[in-house]
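> I would like the atomic coordinates for the input below:
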Amino acid sequence: MDPDPVRIPITDVFDLHSVPPRDVRDVVDEYLREAHRLGLKALRIVHGRGIGVQREIVRSLLAGTEFVAEFHDAPAEAGGWGATVVTLR
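Got it, this is the predicted structure:
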């Protein structure tokens, strides 16, 4: 039996360090949908620097999400290439 889903607060920053790599795509998809539903417009997803696997997963999902207007690396003081800044429509 699967444990009950973990509820996380939806804010403009989402840190993926506690998300198992196998769950990143599904968790980020749900986060984006809920952030959009709540009317958030500017988000920062912290995926870490590493070898770029989570960054690529996040960015491929963002590229295919109809309500994402744009995304790019965060400024250096906000994580640089270890985080992605997202603008929602």
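> Give me the buried positions along the longest helix seen in the chain.
Looking across the chain with DSSP state H, the single longest helix is helix 24-37. Residues 24, 27-28, 31-32, 35-36 are the ones in helix 24-37 that count as buried (16 or more other Cβ atoms under 10 Å). To be clear about C-beta, it is placed using only N, CA and C from the backbone, and glycine gets the same treatment.
> OK, contacts around the residue nearest to residue 44 when sequence neighbours are not counted?
Once flanking residues are discounted, residue 44 sits nearest to residue 13: 4.9 Å by Cβ to Cβ, 6 or more residues apart in numbering. Contacts for residue 13 (Cβ atoms under 8 Å, 6 or more residues apart in numbering) come out as 43-46.
> Looking at neighbours, which among the residues you listed is most surrounded?
With neighbours taken as other Cβ atoms under 10 Å, the top of these is residue 45, carrying 27 neighbours.
> which strands and helices sit next to the longest helix of the chain?
strand 42-46, helix 53-63, strand 83-88 (3 or more Cβ pairs under 8 Å, 6 or more residues apart in numbering; DSSP states H and E).
> Quick one: residues contacting residue 32.
43, 61-62, 65, 67-68, 86, 88.
> go on, residue 14?
Contacts for residue 14 (Cβ under 8 Å, 6+ apart) come out as 28, 31, 43-46.
> Let's see that with 6 Å instead.
31, 45 (Cβ atoms under 6 Å, 6 or more residues apart in numbering).
> What strand or helix carries it?
Assigned by DSSP states H and E, residue 14 falls within strand 13-15.
> That strand pairs with which strands?
Paired neighbours of strand 13-15 in the sheet (DSSP bridges): strand 42-46 (parallel).
> So what's the gap between the strand it pairs with and the chain middle?
6 Å (Cα atoms, centre = their mean, to the nearest Å).
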